[in-house]
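Participant: here is a sequence together with a model predicted from it:
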Amino acid sequence: MRVAVALLAILLAPIPAVAELLDFSGAEWARIVRHGPWPLPFRADPSNRVSGDADAIALGRTLFFDTRLARDGRLSCATCHDPALGWSEQRARSEGRTTLTRNTPSLLDVRLRRWFGWDGAHDNLWATSLRPILDPREFASDPTAIADLLRGDGKLSACYDRAFGRDIAGVDAETLAIDAAKALAAFQETIDSARTPFDDFRDALDRGDRIAAARLPLAAQRGVRLFVGKGNCAFCHLGPAFTNGEFHSIGIPFFTAEGADGGRHAGIKTLQSSKLTLLGPWNDDPDLAPGTATRHVDPQHRNFGEFRVPGLRDVARTAPYMHDGSLASLRDVVKHYSDLDPDRLHNDGEAILVPLKLSESEIDDLVAFLESLSPTVRTSDASSGPRCN
Amino acid sequence: MMRVLVLAAILAVPAAMTRAADILPVFDAHLHYSHDAWAPVPPERAVQILRQAGLKRAMISSSDDEGTQKLHALAPDIVIPVLRPYRKRGDVSTWVRDETVLAYLAERLAKYRYAAIGEFHVYGADADLPVVRGMVQMAKQRKLFLHLHGDADAVERVLKQDPEARILWAHSGFDRPENVRAMLERHKNLWCDLAFRTDHAIGGKVDPAWRALFMAYPDRFMLGTDTFVPERWHYVVEHASWSRAWLEDMPREVAERIAYRNGESLFGDALTRE
């Protein structure tokens, strides 16, 4: 009798909070592990001879926060690419000298991209860095003004001389503008996202440490299961950076005040008409950065209205979402895929996309997983490094 | 100075006329103006786009048909109505089992004139479902084309139901050129549109397999933009330019047939034909 009472007491006792690991299948483990390790090692950009150079990074960091790059002195790169907001901004659409048609993309892990901008209009980071400086809707500057800024500021000039190994006085304005863009690119290559609870979970799975893996909250575990399984999100948001780096239509409207945002179609046409590509004279190492993709890419009908698949690291910090900032929260994004309107997709186009028809709890779980892609503790970021002085 | 300006004007006029005459007219066989396009691209704007693209004719089908009628009323010289068996775009995947579709088609056919029924989506054995069979018979009675988006199997099944049916195969079935060739060889009453495909012409150059097919069957192909979402109305002009560019890579006579002559000879007088 006493034994039976004791057993009953054990059965009725409150269950202690023990971290739990879902019964991930071998296939799920394999798919999850593909999203790491993180961070990825730095590899210098061969098309930019100052990539990875400390002086160039300092020059780029200084310029990034310098409003004098804009014609009216009102904007800097950081105005829209705010470090505190995942190097993006809260506005749905960027405000330059006028309201633009797209949301400011985050610069986190930008060094890992193959195409730059929502439309991939550039195949390198220095060209895409120069674009807003020259764009009449944004900084509205020109090579002469950029050169005057660099030459007229003793600290910037000295920084330039050290970074590029030559006297700025003998450099023409066009070269200086592109060099400024290359310094900006060198700086942006240091904007890496930090390790996250997901990375700890993923690494623990990889080494078979079930106890450590179980530290990821269950909601996030269920979310990652959906992400690599039923949701098939990992089909496009793949690899350690959670993106295939390519372009897709996901049923988001793309009208603009003037007509429609051609997205990738327009981007390819811009790329093909630009001299600032890997195929052009400003590529510092055509052997190592030959621009093969640029040579062969050609606009297709399906590209009209396609936009780049963004990486998802620290995505919780970069709201709003989509190319036009039309979705305010991660929950809205997940609900978009849950309620996807297949009529917005061509029958023979994005066959991978179907409405996920998620339950409310599944939506919560996917959001919990996406939030686990942000670090829990923030340390200093790339903005706090040395500047020209 | 005045004489120089007058001379320049005289020289400029014939040059401009020549350029206008040189622009290849385009018969666009695959456009939609569905309910969700009406507000963002009002009918007047849509017609303006058609004219801006230099379209000689535009075969338009919509979900529902009111969109087509709106454009036809504004531009009867360009718009050739085609009747879609959909009342909203979401009907794409359900219409083959929706028996109310036949009554809808009958009502519209009694009210307006059309060159074809379509574009409709049907694959494989679904082509033998009663709704599809009924629609094929409606087209037969009225001697209308069928604008069919589907696989070769569906095309074959429809042609078994009515061996005299005339089919415009949307997107050339998204099939490979050798398979399209086999279908054209087998069926004299099959034509193809090239909407939403670019594999036949990359970078303005025509793919060799497609070139051979166009040369073998120059009277069986047509162009099409496919405005499957309303934003793509802003792609119509671009698509016409893109088409003219790759057609430059074909012999002029074949280019003209694909660009507009085939469409014109098949559908140009469809609304006035007895």
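Facilitator: Received the coordinates, thanks.

Participant: CA atoms for contacts and neighbours, from now on please.
Facilitator: Fine.

Participant: ok, which residues in the stretch 251-389 of chain A are in contact with chain B?
Facilitator: Contact residues, the stretch 251-389 of chain A versus chain B (C-alpha under 8 Å from any C-alpha of the partner chain): A:253-255, A:259-260, A:298, A:300-302, A:304, A:342-346, A:348.

Participant: can you give me the helices for the stretch 101-250 of chain B?
Facilitator: B:130-142, B:152-161, B:177-186, B:208-216, B:236-247 (DSSP state H, counting those that start in this stretch).

Participant: I'd like to know which of these lies nearest to B:A58.
Facilitator: Set against B:A58 and scored by C-alpha to C-alpha, these come closest in helix B:236-247, at 10.6 Å.

Participant: contacting residues for residue 242?
Facilitator: In the absence of a named chain, chain A is used. A:H35, A:A234, A:C236, A:P310, A:G311, A:L312, A:R313 (C-alpha atoms under 8 Å, 6 or more residues apart in numbering or on different chains).

Participant: oops, I was thinking of chain B
Facilitator: B:G204.

Participant: mind redoing it with 10 Å?
Facilitator: Counting by C-alpha atoms under 10 Å, 6 or more residues apart in numbering or on different chains, B:W242 touches A:P299, A:Q300, A:H301, B:T198, B:A201, B:G203, B:G204, B:V236.

Participant: how much space separates it from A:S249?
Facilitator: 21 Å (C-alpha to C-alpha, to the nearest Å).

Participant: about what we covered before: filter the contacts of B:W242 down to the ones in strands?
Facilitator: Of these, the ones assigned to strands by DSSP state E are B:A201.

Participant: of the contacts of B:W242, just the buried ones, ChimeraX syntax please.
Facilitator: A single ChimeraX command is used to select the members of the contacts of B:W242 judged buried by 16 or more other C-alpha atoms under 10 Å in any protein chain shown:
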select /A:299,300,301 /B:198,201,204,236
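
Participant: mind checking the pLDDT average for stretch B:252-271?
Facilitator: Mean pLDDT, computed over stretch B:252-271, is 95.

Participant: how about the CA coordinates for it, as CSV?
Facilitator: Extracted C-alpha coordinates of stretch B:252-271, given in CSV (Å, rounded to 0.1, in the frame of the first residue of the first chain):
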residue,chain,number,x,y,z
ARG,B,252,11.7,39.2,-92.6
GLU,B,253,8.9,37.1,-94.1
VAL,B,254,8.9,34.7,-91.3
ALA,B,255,9.3,37.5,-88.7
GLU,B,256,6.2,39.2,-90.2
ARG,B,257,4.2,36.0,-90.0
ILE,B,258,5.0,35.4,-86.4
ALA,B,259,4.7,39.0,-85.4
TYR,B,260,1.3,39.7,-86.9
ARG,B,261,0.3,38.1,-90.2
ASN,B,262,-0.6,34.7,-88.7
GLY,B,263,-2.8,36.3,-86.0
GLU,B,264,-4.3,38.6,-88.5
SER,B,265,-5.2,35.9,-91.0
LEU,B,266,-6.7,33.6,-88.3
PHE,B,267,-8.5,36.1,-86.1
GLY,B,268,-8.5,39.5,-87.9
ASP,B,269,-12.0,39.1,-89.2
ALA,B,270,-13.3,36.8,-86.5
LEU,B,271,-15.9,39.2,-85.2
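
Participant: what comes up buried for it?
Facilitator: Result for stretch B:252-271 [16+ other C-alpha under 10 Å]: buried residues B:254-264, B:267-268, B:270.

Participant: which residue is nearest the centroid of chain B?
Facilitator: With distances taken as C-alpha atoms, centre = their mean, the residue of chain B nearest its centroid is B:A29 (1.3 Å).

Participant: drop anything exposed from the residues of the stretch 251-389 of chain A next to chain B.
Facilitator: Buried among those by 16+ other C-alpha under 10 Å: A:253-255, A:260, A:298, A:300-302, A:304, A:342-346.

Participant: surely A:S359 and A:S338 touch.
Facilitator: Yes: using C-alpha atoms under 10 Å, A:S359 is in contact with A:S338, at 8.6 Å.

Participant: and the two? Which one has more around it.
Facilitator: Taking neighbours as other C-alpha atoms under 10 Å in any protein chain shown, A:S359 and A:S338 compare with A:S338 leading, 18 against 11.

Participant: with mean pLDDT added, can I get the helices of the stretch 101-250 of chain B in CSV?
Facilitator: What follows is the helices of the stretch 101-250 of chain B, written out as CSV (pLDDT from 0 to 100):
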stretch, mean pLDDT
helix B:130-142, 98
helix B:152-161, 98
helix B:177-186, 98
helix B:208-216, 98
helix B:236-247, 97
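
Participant: possible to save the ones you listed as JSON lines with distance to A:A54?
Facilitator: Below are those laid out as JSON lines (distance: least, C-alpha to C-alpha, whole Å):
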{"stretch": "helix B:130-142", "distance to A:A54": "69"}
{"stretch": "helix B:152-161", "distance to A:A54": "62"}
{"stretch": "helix B:177-186", "distance to A:A54": "55"}
{"stretch": "helix B:208-216", "distance to A:A54": "52"}
{"stretch": "helix B:236-247", "distance to A:A54": "46"}
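
Participant: looking at these, which is nearest to A:S88?
Facilitator: Once the helices of the stretch 101-250 of chain B are compared by C-alpha to C-alpha, helix B:236-247 is nearest, at 32.4 Å.

Participant: buried set for the closest one?
Facilitator: B:V236, B:V237, B:H239, B:A240, B:S241, B:W242, B:S243, B:R244, B:A245, B:W246, B:L247.

Participant: contact partners for the nearest residue to the fourth one once chain neighbours are set aside?
Facilitator: This means B:A240. Closest residue to B:A240 apart from its sequence neighbours, by C-alpha to C-alpha, 6 or more residues apart in numbering or on different chains: B:A53 at 6.1 Å. Applying C-alpha under 10 Å, 6+ apart to B:A53 gives the contacts B:P25, B:V26, B:V47, B:Y235, B:V236, B:V237, B:E238, B:H239, B:A240, B:S241.

Participant: same check on B:K143?
Facilitator: B:A115, B:A116, B:Q137, B:E164, B:A165, B:R166, B:A270, B:E274.

Participant: report the buried members of the residues you listed.
Facilitator: Here, 16+ other C-alpha under 10 Å leaves B:A115, B:A116, B:Q137, B:A165, B:R166, B:A270 buried among the contacts of B:K143.

Participant: how close does the residue nearest to the centre of chain B get to B:Y86?
Facilitator: 18 Å.

Participant: again, but for B:Q137
Facilitator: B:Q137 is 17 Å from B:Y86, by C-alpha to C-alpha.

Participant: biggest separation within the buried ones among the contacts of B:K143, which pair?
Facilitator: Of all the pairs that the buried ones among the contacts of B:K143 form, the one spanning the most space (C-alpha to C-alpha) is B:Q137 and B:A270, at 18.3 Å.

Participant: low-confidence ranges, chain A, go.
Facilitator: For chain A, applying pLDDT under 70 flags the ranges A:1-18, A:347-351.

Participant: what is the subsequent helix or strand relative to the lengthiest helix in it?
Facilitator: Assignment by DSSP state H gives helix A:173-188 as the longest helix of chain A. Where DSSP states H and E defines the elements, the next helix or strand beyond helix A:173-188 is helix A:197-207.

Participant: any chance of the contacts of B:K143 in a markdown table, plus distance to A:V50?
Facilitator: Formatted as a markdown table, the contacts of B:K143 follow (distance: C-alpha to C-alpha, whole Å):
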| residue | distance to A:V50 |
| --- | --- |
| B:A115 | 64 |
| B:A116 | 63 |
| B:Q137 | 71 |
| B:E164 | 70 |
| B:A165 | 67 |
| B:R166 | 64 |
| B:A270 | 66 |
| B:E274 | 75 |
